[in-house]
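J.: quick one, structure for this:
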Amino acid sequence: MALKDVISVAKGDKKADLLLKNGQLVNVLSAEIYPANVAIYKGKVVGIGDYEAEKEIDLNGKYICPGFIDSHIHIESTMLSPAEFSKATVSSGTTTVVADPHEIANVLGVKGIKYMLDVSKSLPQNIYFVLPSCVPSTKLETSGASLEASDLKPLLKNKRVIGLGEMMNFPGVCSKDEEVLAKIEMALGSNVFIDGHAPGLTGKDLTAYINSGIRSDHECVKLEEAKEKLRLGMHIFVREGSDAKNMEALLPLITPVNSRFFSLCTDDIHPKDLAEGHINGVLKKAVTLGLDPIIAVQLATVNAARHFGFKELGAVAPGYNADITVVNNLHDFKVDIVLKDGEVVAEKGKAVFQAKQKRKALVKETIKVKPLKIEDLSVKAKEGNIRVIDIIPEQVVTSESLEEPNIKDKNVVPNIDKDILKLAVVERHKALGRIGIGFVKGFGLRRGAVAQSVAHDSHNIICVGASDEDILSAVRQVIKLKGGIVVVAGGLVMAELQLSIAGLLSEGSLLEVHEKIVKLDEAVKELGSGIPDPFGLLSFLALPVIPKLKLTDKGLVDVAKMEIVDLFE
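T.: Model (predicted):
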């Protein structure tokens, strides 16, 4: 693109390629909304005002916003391939995402990261990646791979790799763990940013964590936690995903004076919610809760762009990329038109581009489990109470209770009347035969079992059930599918979704995946559970970096102590 041509178009001496006419510009730079025409040339915004163009689109008063940005997301949590993810999120107005592929990295290591980079490179969306910093998240679980600084550094040569992903091992940072510090020093030496993950960290430990070069956090659950991190210089990603919903708690902290230090993210969003929208849905909720619409749009655009150093993204102004989302109003943010680099890529909530699915054999054979027997699931009774994982509704954190065990034939079994079910995590990467057994309260099943190969972060097979027989049947069906989600009752499969890509992603469209998730939801409800997102919740019961009590294939994990604890008190 010749600079002299750009100047000619900007001066009005030459026609632009496209003119968006009669719109209301949401100017996130000046914090104004006013009538405007936007001229676009060679994928860039060249001017605001009275221009001529080869093609015009009359917006009839609709609102012109910069393309929305998700500051932190795991594409794998959508259960969609990158191609289908892009179609789903672009149609909701999201033109840029910063993705952490640590789910697939836990299964396939560097090969998994390269797969995500390769299959997403030609999509009409800015998909940037950060390198997973904690694979595995701890040594208290069995992962499919282990990534060190030397494994990650070559990937920084890719221009779409922009930083080191969420540093979940905050105890490792504070205790000066050599492997953890090596990754941080690699990022600092390469002059890329480091994403944070420090739930509940406070005081001098938080100060030490920030001094390591970490400048963002998406794990704030309470206002006071976010306030402390903000005061110490952290950029706060306000998370509103499928399982963790923190916006309502954090929104009162955001003011016109400090709002530039906040952005929006979904972190983990599941197909059922993605079918309803993406960042546009988060914006709708923010405005409904009372946030000024202009500030809300800033959180979804320019704030994120400035934080990440995306100099040509985040605003509709001369010289910026023509990544634009046109919405009907600033209340429900219903998307009318989406442009990526000046080309229309979505209309009326539907993607208008074709994205070919790239199929690669290396991601299809990842379920390797030693043959299971019913005896592998039994728990011999001992003296004392048992530690039980207590579910906290709509949160990924859990609590712990001590419960009297329900004993039958000298084995501890579920107590349906108290809503205490058996939980099992089966190692699936190396066929080691390792199985972690625990109990969970609050899932709600009266019978049957739910199993899936999505279990953060190592993604072993996790299953919750009312009987060992159904747990065994459900796990075996996941193995047969080569990855997926299964609901079983009485040994019969009630509903299932195959996730053949690394045991995490489907090869189907959002509509197809959503329809199967709906059937899975209905099956879980039929078995007695009223949890809004049972599969997302189940996946986090295996994550040993978020408090308080979790289960991995190695056993129960006390997250505060970062150690395996016995089932019996």
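J.: ok, Pro124 - contacts?
T.: Contact partners of Pro124, counting by Cβ atoms under 8 Å, 6 or more residues apart in numbering, are 86, 90, 340-341, 343, 345, 353. In short, each C-beta sits where N, CA and C put it, glycine included.
J.: just Val487 next, same as before
T.: 448-450, 474, 493-496, 520, 523-524, 527 are the contacts of Val487 under Cβ under 8 Å, 6+ apart.
J.: okay, and which of those residues map to strands?
T.: Counting by DSSP state E, the part of the contacts of Val487 found in strands is 449-450, 493-496.
J.: count the residues that sit near the closest residue to Lys519 other than its chain neighbours.
T.: Nearest non-adjacent residue to Lys519, counting by Cβ to Cβ, 6 or more residues apart in numbering: Ala495, 4.3 Å away. A count of neighbours around Ala495, defined by other Cβ atoms under 10 Å, yields 19.
J.: give me the distance between Ala495 and Glu178.
T.: Noted for Ala495: a distance of 46 Å to Glu178, by Cβ to Cβ, to the nearest Å.
J.: cool, Glu276 as well?
T.: From Glu276 to Glu178 the distance is 45 Å (Cβ to Cβ).
J.: more neighbours: those two, which one.
T.: Each of Glu276 and Glu178 has its neighbours counted (other Cβ under 10 Å); Glu276 has more, 12 against 7.
J.: can you flag the buried ones in the contacts of Pro124?
T.: Buried subset of those (neighbour count, 16 or more other Cβ atoms under 10 Å): 86, 90, 340-341, 345, 353.
J.: which of those residues fall within helices?
T.: Residues of these located in helices (DSSP state H): 86, 90.
J.: only whichever of the contacts of Val487 are buried, select them in ChimeraX.
T.: Only the buried entries of the contacts of Val487 go into this ChimeraX selection, using 16+ other Cβ under 10 Å:
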select :448,449,450,474,494,495,496,520,523,524,527
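J.: quick check: domain ranges of this structure?
T.: When the chain is parsed with automatic domain parsing, its domains come out as 66-310, 364-565.
J.: and these: which comes nearest Gly319?
T.: Nearest of the domains of the chain to Gly319, taken as Cβ to Cβ: domain 66-310 at 12.9 Å.
J.: can you confirm Thr96 is in a helix?
T.: No - counting by DSSP: H, G, I helix; E, B strand; the rest coil, Thr96 is not part of a helix but strand.
J.: hmm, it is touching Leu123, no?
T.: No - counting by Cβ atoms under 8 Å, Thr96 does not reach Leu123; the two are 11.6 Å apart.
J.: those two - which one has more neighbours?
T.: The neighbour comparison of Thr96 against Leu123 (other Cβ under 10 Å) goes to Thr96, with 26 against 19.
J.: residues contacting the more buried one?
T.: 67-70, 125-128, 304-305, 310, 313, 323.
J.: take those and keep only those in strands.
T.: Taking DSSP E as the definition of strands, the contacts of Thr96 contribute 68-70, 126-128.
J.: for those, which single residue is the most surrounded?
T.: For the ones in strands among the contacts of Thr96, the largest number of neighbours (other Cβ under 10 Å) sits with Phe68, at 31 neighbours.
J.: who touches Leu432 in this structure?
T.: Contacts for Leu432 (Cβ under 8 Å, 6+ apart) come out as 142, 370, 553.
J.: filter those residues down to the buried ones, ChimeraX style.
T.: Those of those that count as buried under 16+ other Cβ under 10 Å are selected in ChimeraX with:
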select :142,553
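J.: surely Phe193 touches Ile162?
T.: Yes - the pair Phe193 and Ile162 qualifies as a contact (Cβ under 8 Å) at a distance of 7.1 Å.
J.: list residues touching both of those two?
T.: Joint contacts of Phe193 and Ile162 (Cβ under 8 Å, 6+ apart) are 308-309.
J.: show me what contacts Arg359?
T.: Taking Cβ under 8 Å, 6+ apart, we find Arg359 in contact with Glu507.
J.: any weak-confidence spans in this structure?
T.: 358, 361 (pLDDT under 70).
J.: ok, back up a step: so for Ile7, which of the domains of the chain sits nearest?
T.: Among those, the nearest to Ile7 by Cβ to Cβ is domain 66-310 (23.2 Å).
J.: all set, thanks.
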